[in-house]
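S.K.: Sequence and computational prediction follow.
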Amino acid sequence: MKSDIDRSQKYDAKYVAATVGLKFAAQLALMKAGYAAIANDLQPIEESVSLALNVQGVKSAVRAPYYACAREWWKKTKLEAGSALTDDAQDIKDKWTSRGCDSGVLIYVALTVFALVVT
């Protein structure tokens, strides 16, 4: 078994500022690329959601939950398909309806932006 001194030295070597900085710098480019890819993919979706909300007459002051719901649907469309996607889309719609979103608006956004049929 290692002594307390050995463990302390190993810990100090592992978390020295220079080492942590190098690890972070190595991951930074990957993190930026991943964020850019997601942002570029999500931007057209959010623009489509904005247009759908305009058509439905949703005021800008109450749009945040609708965008959050749309982001959840977008994420599910990346991960799932078929009946699993439909079931999850329905659950997401029910969740955001219970949080105060208009059910009719959510149904319209799901159909026009994501081609999802929810009731």
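M.R.: Perfect, I can see it now.

S.K.: Kindly provide the distance from the most centrally placed residue in the chain to Asp41.
M.R.: Closest residue to the average C-alpha location of the chain: Arg71 at 5.5 Å, with C-alpha atoms, centre = their mean. Look at Arg71 and Asp41: by C-beta to C-beta, to the nearest Å, they are 11 Å apart. Using the backbone N, CA and C atoms, a C-beta is placed for each residue, glycine as well.

S.K.: Correct me if wrong: the residue nearest to the centre of the chain contacts Leu42.
M.R.: Yes. Here Arg71 reaches Leu42: they are 7.1 Å apart, a contact under C-beta atoms under 8 Å.

S.K.: on that earlier part again, got the contact list for the residue nearest to the centre of the chain?
M.R.: Leu42, Ile45 (C-beta atoms under 8 Å, 6 or more residues apart in numbering).

S.K.: Give the other helices and strands that the helix of greatest length in the chain contacts.
M.R.: Secondary structure assigned by DSSP state H gives helix 17-56 as the longest helix of the chain. Packing partners of helix 17-56 (3 or more C-beta pairs under 8 Å, 6 or more residues apart in numbering; DSSP states H and E): helix 64-79, helix 103-114.

S.K.: Including mean pLDDT, could those helices go into a markdown table?
M.R.: Converted to a markdown table, the helices and strands packed on helix 17-56 look like this (pLDDT from 0 to 100):
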| stretch | mean pLDDT |
| --- | --- |
| helix 64-79 | 94 |
| helix 103-114 | 95 |
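
S.K.: give me the low-pLDDT residue ranges for this protein?
M.R.: Counting by pLDDT under 70, the chain contains no low-confidence range.

S.K.: Quick one: distance of the longest helix of the chain to the chain centre.
M.R.: Computed by C-alpha atoms, centre = their mean, to the nearest Å, the chain-centroid distance of helix 17-56 equals 10 Å.

S.K.: what about Trp96, how many residues close to it?
M.R.: 22 (other C-beta atoms under 10 Å).
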